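**Student:** structural data only, the sequence is not supplied:
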């Protein structure tokens, strides 16, 4: 059985309130769960102590049993010090695409041509003045 450590939504419309639960990965979001290990109230201020309540001992136990936390729950576990979150590293994400590289090259060529054009007239009158 694949275990998932995830949020289960409660509360009324536009007033969310979540339980942090251990559930079978195949069960629906708000459906049957094995154990409730905490709560999360996103409406409270971020520095409020009541925003996230988590039983760290039970969370550590379920992690040892193989429960996989969702991204949001992994964040909570990281802030409480139960499990360090792995860094999401994608070094190619910031690399521009082929067309963007071509456009950058064209802009650089235009800038060089404009710079040369600006420098060429400045040099020509001084040469003519020296010849006269």
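**Tutor:** Yep, that arrived. Only a predicted model underlies this, so the values are computations on that prediction, with no experimental measurement involved. Numbers count the residues shown, from 1 in each chain.
**Student:** so who does residue 78 touch?
**Tutor:** Contacts for residue 78 (Cβ atoms under 8 Å, 6 or more residues apart in numbering) come out as 84, 85. Placement of C-beta: from N, CA and C, glycine included.
**Student:** surely it forms part of a helix?
**Tutor:** Yes. The assignment for residue 78 by DSSP: H, G, I helix; E, B strand; the rest coil puts it in a helix.
**Student:** got the contact list for residue 82?
**Tutor:** By Cβ under 8 Å, 6+ apart, the neighbours of residue 82 are 54, 56, 59, 60, 63.
**Student:** give me the three-state assignment for the residue nearest in space to the middle of the chain.
**Tutor:** Nearest to the mean C-alpha position of the chain, counting by Cα atoms, centre = their mean, stands residue 88 at 7.7 Å. Secondary structure state of residue 88, per three-state DSSP, is coil.
**Student:** of the contacts of residue 82, just the buried ones, ChimeraX syntax please.
**Tutor:** Buried members of those, defined by 16 or more other Cβ atoms under 10 Å, are picked up in ChimeraX with:
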select :54,59,63
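**Student:** return the subset of the contacts of residue 82 lying in helices.
**Tutor:** Judged by DSSP state H, these include 56, 59, 60, 63 as members of helices.
**Student:** residue 40 and residue 48 touch, don't they?
**Tutor:** No. Between residue 40 and residue 48 there is no contact under Cβ atoms under 8 Å: 11.4 Å.
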